[in-house]
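> A predicted structure for the sequence below; I have some questions about it.
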Amino acid sequence: MAYPFQLGFQDATSPIMEELLHFHDHTLMIVFMISSLVLYLISSMLTTRLTHTSTMDAQEVETIWTVLPAVILITIALPSLRILYMMDEINNPSMTIKTMGHQWYWSYEYTDYSDLCFDSYMIPTSDLKSGDLRLLEVDNRVVIPMEMTVRMLISSEDVLHSWAVPSLGLKTDAVPGRLNQTTLLATRPGLYYGQCSEICGSNHSFMPIVLEMVTLNCFEKWSASMT
């Protein structure tokens with residue numbers, strides 16, 4: 001969920017997004033320590049405590065500023081590669097949904113069902129109801145069962161688009177003639193909003209994404225009513 005004047009990320013709704021938040025905090029602390037060290041060195045040089053030749057040309061100093069950056073890169077690279085593998089690996093998805101980007105709306109097809117497909121358009125501001133979010137509400141939400149692995153197949157029929165839902169840690173390009181895939185797993189029910197994150201044309205900002213995470217029983221009732 002987003003909050004007014006929010007400076008950080010949205011609340012994590014999937015295990016992948018939780019890992020991304022941990023990695024962000026881990027990297028941010030490393031950046032903070034590097035910045036503090038550089039600030040200390042600059043301050044010391046300004047006060048002429050570190051400008052002596054025997055200090056700046058010492059073998060120990062050269063060893064430190066050669067080894068330390070390598071250690072820092074390793075501490076960043078290892079968890080980064082782990083998360084990249086987790087995001088790319090898809091094991092036995094319970095459901096597959098095909099997403100197609102158009103100028104300027106999304107269409108969805110539940111490939112495990114024979115006739116379950118629909119287009120999803122943004123609701124104009126004049127038609128919004130009380131409590132609806134401007135530029136984020138759609139006429140047809142993507143209903144997905146929670147706590148189940150869902151594979152999303154993403155492509156485009158015209159120009160480049162990008163299917164992104166921040167709270168789930170998802171952002172996958174929709175490329176014409178190419179089929180990209182990603183996986184999602186929601187840990188709690190609710191509505192999760194996203195938008196096209198690629199500048200795809202004049203109505204780029206009017207391609208919202210709304211995922212409605214429900215229990216499996218609710219999803220089965222919804223799918224039966226749609227087919």
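Everything's here; your move. Numbers count the residues shown, from 1 in each chain.

> Tell me the spatial nearest neighbour of the most centrally placed residue in the chain, not counting adjacent residues.
Of all residues in the chain, the one closest to the mean position by Cα atoms, centre = their mean is G169, 2.9 Å from it. Nearest residue to G169, sequence neighbours excluded (Cβ to Cβ, 6 or more residues apart in numbering): M17, at 3.4 Å. Glycine gets a C-beta too; all of them are placed from N, C-alpha and C.

> What distance do you get for the one you found to L37?
To L37, M17 is 31 Å away according to Cβ to Cβ, to the nearest Å.

> more crowded one of those two?
M17 (23 against 11; other Cβ atoms under 10 Å).

> Test my guess that that one contacts L184.
No: contact criterion Cβ atoms under 8 Å: M17 and L184 do not qualify, at 9.7 Å.

> How many residues are close by S223?
By the measure other Cβ under 10 Å, the count of residues near S223 is 15.

> Which strand or helix spans it?
Applying DSSP states H and E as the criterion places S223 in helix 216-226.

> Let's see that helix as PDB, backbone CA atoms only.
Extracted C-alpha coordinates of helix 216-226, given in PDB (Å, rounded to 0.1, in the frame of the first residue of the first chain):
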ATOM      1  CA  LEU A 216      -9.000 -20.200  -4.000                       C
ATOM      2  CA  ASN A 217     -12.700 -20.600  -3.300                       C
ATOM      3  CA  CYS A 218     -13.500 -17.000  -4.300                       C
ATOM      4  CA  PHE A 219     -11.400 -17.400  -7.400                       C
ATOM      5  CA  GLU A 220     -13.200 -20.600  -8.500                       C
ATOM      6  CA  LYS A 221     -16.600 -18.800  -8.100                       C
ATOM      7  CA  TRP A 222     -15.300 -15.800 -10.100                       C
ATOM      8  CA  SER A 223     -13.900 -18.000 -12.900                       C
ATOM      9  CA  ALA A 224     -17.200 -19.900 -13.100                       C
ATOM     10  CA  SER A 225     -19.100 -16.600 -13.400                       C
ATOM     11  CA  MET A 226     -16.800 -15.400 -16.200                       C
END
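
> residues in contact with that helix?
110, 113, 116, 118, 143-146, 148, 214 (Cβ atoms under 8 Å, 6 or more residues apart in numbering).

> buried subset of those?
110, 116, 143-146, 214 (16 or more other Cβ atoms under 10 Å).

> Just the CA atoms of stretch 10-17, as CSV, please.
Coordinates of each C-alpha in stretch 10-17 appear next as CSV, following Å, rounded to 0.1, in the frame of the first residue of the first chain:
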residue,chain,number,x,y,z
GLN,A,10,5.5,-0.1,-0.9
ASP,A,11,4.8,-2.9,1.6
ALA,A,12,6.0,-6.2,0.3
THR,A,13,3.3,-8.7,-0.7
SER,A,14,5.5,-11.5,-2.1
PRO,A,15,8.6,-13.3,-1.0
ILE,A,16,10.6,-11.8,-3.9
MET,A,17,9.7,-8.3,-2.9
